[in-house]
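Visitor: make a model of this:
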Amino acid sequence: MRRRFRFISLILSMIVVFAMIPGTRVSAETRLSDRDFWNGLSSHYYYDRLTDNEKAFYNELEKVCSDLLFGSESNPDISINVSDMGLSQRQLVDVFYFFKDDKPQYYFVLNGFSYYMNVYTGQIVEIHDYVYSDFLNGKTRSNTTKQLRSNIEAWNNEINAGLTSDRPAEVELYIHDYLIQKLTYDLSSVYDGQNIVSAFNTQKTVCTGYSKAFQILLKLHDIEAICVESESHMWNFVNVHGYWYCVDVTNDDRASISHTRFNVSFSYLLYNSDIYSPVVGSFYDKMPDNTEYNGLYTGELYFDYDGNTYFFVDYLNGLYCKKISEGGSNPHYVYYNGTKFEVTNSPVPMPTDTGSSIDQIRAFVDRMYTCVLGREAEPEGEEFWVSELYNYRNTGAECAYNFLKSAEFKSKTISYSDYLNVLYRAFFNREFDYEGKNFWTIALCKGEVSLDTLADFFINSKEWADTCASYGIKSGGTAASSIKIAPTDATNAFVERLYQTALGRDYDTEGRDFWAKLLANFELTGEDAGVEFFLSPEMEGLNLSDEEFVERLYLTFMDRSSDPSGKDFWVSQLKGGATRREVVLGFTRSSEFGSKCIAARIIPFK
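Guide: Numbering: from 1, shown residues only. Now for the predicted structure:
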């Protein structure tokens, strides 16, 4: 939770306005001096990206805060004269944010400051009132500083004792999990959770405490991290082997430890939640250039191949890895579990030649505007998405999710029917088919599927992958991805029923897994699998009568015995000349079969 702007006015010739503001590893053997310890927690990331005038204000803040941290004077003068710095109110606010996030050790700094402005010239001449009143007391500040250092070192010692690897990504992961176990998200935490005191001294905090504690503990292990803020949230960017990833420890703190926001891209965060946008002030302009890598942690961060060790760089925009061991061969490609990875150095050379033309991609983007938002693209938005897709910084899926989750689209009041029209036109580049639209409309009305889940089905379909391929862009859906989704128990049960009920025999694990993976990753529909089993040579070899064939269709696709009238109808169809394939399709196009597929997270039919 972040706090925003408030204003105070004084009856003076000046106006006071309160504006909202946005290593060395420690060992038991060698204890650093206080000054070396605390200064070692600093980052210079934002400072290095400031103008000379902005650095002058930053440096003045540093002088005052350093004296407060290492001194014991009470009620010191903390005012700073900024009259000769030539900075606007916006610049002062931005630099204050950057200073706070470069310097998490200055726990006593408020999330805002007051300033005097000359009412005649509009020039800001002085800032003040940016320290918590509690910490203007020298003794309170001194005791808090000692307690903080003691706790930070104790936590770091616990981390060192638990680490089994010194490889950066594995250290990062361990600290991520450690903090989740150590901290509790609490809106009533001290100082509203807006500094490291709440995290290290009380273990109850909010996003600011999580992010700054993560930044500090990583710095103690020589891993670069920065804090980034939106209007309502704070999270981290972490530099691992030269690649910048987003990490949101706060939102990975679930009932059990989650890694869904560990080492992912900024775009991944944006289309998964509104809390990451808009980024406050000038943070967006100061973010690392390379923030579109998706580690998508699946249990492994490194792998060995032919005597060398490699770091997984990206699983989504492309399959990239980086060799981190010295010596040995330097191949261009290596393999992990049968998957081919390109070996690259930092930063990953994301392709600038996608094999598609700008005109193709522009047509794709324009169709999103027309089909989803119902209007022509504005030049700025069109150019942004064309550039993102052409340079592989975003996938078709990320683009589509951004349009569907935009405030503009959400503000529209549309029916289920209209929503489906949008999906068919935007994702499949065609009008709906009546069977498909009818099925999904019924599923929505029954509450069997949500609008978001429905969009997932479309985006992960083979037809969406084909649409994107026709425009020369990466789809981002699982049907065209090398990232494979593990089948759920329900998906496995669906396939097992095909073996046990349709073919009348037990499944072999290899065969079950083959079909389940194809279904789980939307490479096949439930109908595809059903047709393959019921029209297979093995089924034909069973020599079933029409009655037996229809009964097995009910047991397999509906998971129930036939009803007399229904069975009589289908048997009569067969005896009247219908093919067994036509009857199978009659079952797979039913809402009852579709409901079974959705429950198993399977696309029913194309």
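
Visitor: how many residues are close by S561?
Guide: Using other CB atoms under 10 Å, S561 has 9 other residues around it. C-beta here means a position set from N, CA and C on the backbone, and glycine is covered the same way.

Visitor: with adjacent residues omitted, what lies nearest to it?
Guide: Excluding the flanking residues, the one nearest S561 by CB to CB, 6 or more residues apart in numbering is Y554, at 6.2 Å.

Visitor: quick one: distance of stretch 496-512 to the chain centre.
Guide: Mean-position distance between stretch 496-512 and its chain equals 37 Å (CA atoms, centre = their mean, to the nearest Å).

Visitor: just the buried residues of it, please?
Guide: Across stretch 496-512, burial judged by 16 or more other CB atoms under 10 Å covers 497-499, 501-503, 507, 512.

Visitor: my read is V313 is in a strand, agree?
Guide: Yes: with DSSP: H, G, I helix; E, B strand; the rest coil as the criterion, V313 is part of a strand.

Visitor: going by residue numbers, what spans are helices in the stretch 251-400 of the chain?
Guide: 266-272, 283-286, 358-368, 379-390, 396-404 (DSSP state H, counting those that start in this stretch).

Visitor: could you name the helices and strands sitting against the fourth one?
Guide: Which is helix 379-390. Packing partners of helix 379-390 (3 or more CB pairs under 8 Å, 6 or more residues apart in numbering; DSSP states H and E): helix 358-368, helix 396-404.

Visitor: can you list the domains in the protein?
Guide: For the chain, automatic domain parsing gives the domain ranges 14-137, 302-343, 358-480, 489-599.

Visitor: list the buried residues of whichever strand or helix holds E54.
Guide: Using DSSP states H and E, E54 maps to helix 52-70. By neighbour count on 16+ other CB under 10 Å, the buried set for helix 52-70 is 54-58, 60-62, 64-66, 68-69.

Visitor: likewise for stretch 141-151?
Guide: 141, 144-145, 148-149, 151.

Visitor: equivalent analysis for stretch 208-227, please.
Guide: Those would be 208-221, 223-227, for stretch 208-227 by 16+ other CB under 10 Å.

Visitor: how about stretch 307-327?
Guide: Going by 16+ other CB under 10 Å, stretch 307-327 has these buried residues: 308-323.

Visitor: coming back round to it: please identify the most buried of the helices of the stretch 251-400 of the chain.
Guide: helix 396-404 (a mean of 23; mean count of other CB atoms under 10 Å).

Visitor: after that helix, which helix or strand is next?
Guide: That would be, after helix 396-404 and using DSSP H and E, helix 407-410.

Visitor: avg pLDDT for that following helix?
Guide: For helix 407-410, the mean per-residue pLDDT is 90.

Visitor: what's in contact with the very next helix or strand once past that helix?
Guide: Helices and strands here follow DSSP H and E; after helix 407-410, the next one along the chain is helix 416-428. Around helix 416-428, the neighbours that count as contacts under CB atoms under 8 Å, 6 or more residues apart in numbering are 367-368, 371-372, 400, 403, 414, 430-432, 436-437, 440-441, 444-445, 451, 454-455, 458-459, 461, 463-464, 467.

Visitor: rerun at 6 Å
Guide: With contact meaning CB atoms under 6 Å, 6 or more residues apart in numbering, helix 416-428 is reached by 371-372, 432, 437, 440-441, 444, 458, 463-464.

Visitor: what's the answer for stretch 371-383, then?
Guide: The contact list for stretch 371-383 (CB under 6 Å, 6+ apart) reads 365-366, 369, 403, 408-409, 422, 425-426.

Visitor: try 8 Å this time
Guide: 362, 365-366, 369-370, 400, 403-404, 406, 408-409, 412, 422, 425-426.

Visitor: and it, end to end?
Guide: Stretch 371-383 has an end-to-end distance of 18 Å (criterion: CA to CA, to the nearest Å).

Visitor: again with stretch 68-75
Guide: End-to-end for stretch 68-75, by CA to CA: 10 Å.

Visitor: go on, stretch 225-242?
Guide: End to end - CA to CA - stretch 225-242 spans 12 Å.

Visitor: what would the buried residues of stretch 141-151 look like in CSV with distance to R261 and secondary structure?
Guide: Listed next are the buried residues of stretch 141-151 as CSV, based on distance: CB to CB, whole Å; DSSP: H, G, I helix; E, B strand; the rest coil:
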residue, distance to R261, secondary structure
R141, 34, helix
T144, 31, helix
T145, 32, helix
L148, 27, helix
R149, 29, helix
N151, 26, helix
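
Visitor: any chance of TSV for those, columns distance to I80?
Guide: Below are the buried residues of stretch 141-151 laid out as TSV (distance: CB to CB, whole Å):
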residue	distance to I80
R141	19
T144	23
T145	22
L148	24
R149	27
N151	30
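
Visitor: secondary structure class for L544?
Guide: Under three-state DSSP, L544 falls in the coil class.

Visitor: count the neighbours of it for me.
Guide: Using other CB under 10 Å, L544 is surrounded by 16 other residues.

Visitor: which one is it nearest to, not counting chain neighbours?
Guide: Using CB to CB, 6+ apart, the closest residue to L544 is R552 (6.9 Å).

Visitor: picking that back up, let me know the closest of the contacts of helix 416-428 to G299.
Guide: Ranked by distance to G299 (CB to CB), the contacts of helix 416-428 are led by W464 at 27.4 Å.
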